[in-house]
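Undergrad: any chance you could fold what I've pasted below:
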Amino acid sequence: MTPATHVANCSTLFPGLAPAEAARAAARAGYREVEFWWPFAVEDPSEADIVGFADGLRDAGVELVAVNLWGGDMAAGQRGVLHERMLSDAHLDAVRRLMRLTGVSMGNLLPGAGGPEVTEVQRRHVRAVADALPGFTPLIEPMSGNPDLPVRDPWTATQLCRETGAGLLLDVFHLAELGVDVDDWLDDVAAGKQPLPHHVQIADSPGRGAPGGGDAPIEAWLGRLADLGYEGRVADEWLG
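TA: Residues are numbered from 1 along each chain as shown. Down below sits the predicted model:
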């Protein structure tokens, strides 16, 4: 079994720090690859802000491997806007600029809290984002915390991915919080009924702390994923 490459989610491990400072903190902690939630306060950051963010990563000596797409006003409880509208052209242009400057090639795309079932509007918008960003894989994850979020298990997430060209993001914290039978899903992966994820994130449950601080059998799940052929990254996304 090849050990997974661990990535720092700078937005959770180093909260409260400016992106450049968080990138330096990740480098000091031994990480060489990082991911961020959308690192700007607005959907359409300026060119100077985009270049400044990329320069901060380069100066820290870390590589950006994933960045969340715009999720609305997250502090106010929004978890995506695609149930209401498409991401703006200016936002997609900003992502393309980040791709050119950093090489980032994937990121979480929240479909929005539009109700317990995935709607055709959400499918159309997820597909449109995937089509608008060649070379970038939007990631769909089961997410806890709001009953109006329609993707609440990996089977539903995979179906949406198949319909839109997105990739599956497996966040074990959310799976544990949702009470998903992860072993059952892994059995389906082993049987060829479900694909391996495109990306994995970890934090323990309850509490969203580091592995070992809760009850989720994270090491067992990661070990089985590796045995099934997962060779991607594992992002450390617990609260620092």
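
Undergrad: quick one: residues contacting the most centrally placed residue in the chain.
TA: For the chain, the residue lying nearest the average C-alpha position, counting by Cα atoms, centre = their mean, turns out to be Asn108 (3.6 Å). With contacts defined as Cβ atoms under 8 Å, 6 or more residues apart in numbering, Asn108 is in contact with 37, 66, 68-69, 138-139, 141, 169. C-beta: built from backbone N, CA, C; applies to glycine.

Undergrad: redo that, cut-off 7 Å
TA: Shown in contact with Asn108 (Cβ atoms under 7 Å, 6 or more residues apart in numbering): 68-69, 139, 141, 169.

Undergrad: could you export those as TSV, including secondary structure and pLDDT?
TA: Compiled in TSV, the contacts of Asn108 are given as follows (DSSP: H, G, I helix; E, B strand; the rest coil; pLDDT from 0 to 100):
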residue	secondary structure	pLDDT
Asn68	coil	98
Leu69	coil	98
Leu139	strand	98
Glu141	coil	98
Leu169	strand	98
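
Undergrad: let me know the closest of the residues you listed to His91.
TA: Leu69 (7.3 Å; Cβ to Cβ).

Undergrad: run a quick neighbour tally on the closest one.
TA: Counted by other Cβ atoms under 10 Å, the residues lying close to Leu69 total 24.

Undergrad: so it touches Pro111, yeah?
TA: No: in this structure, Leu69 is not within contact of Pro111 by Cβ atoms under 7 Å, at 10.8 Å.

Undergrad: so for stretch 110-119, what gets flagged as buried?
TA: Residues of stretch 110-119 classed as buried under the neighbour-count rule (16 or more other Cβ atoms under 10 Å) are 110-114, 118.

Undergrad: one more: stretch 18-38?
TA: 19-20, 22-27, 31, 33-38.
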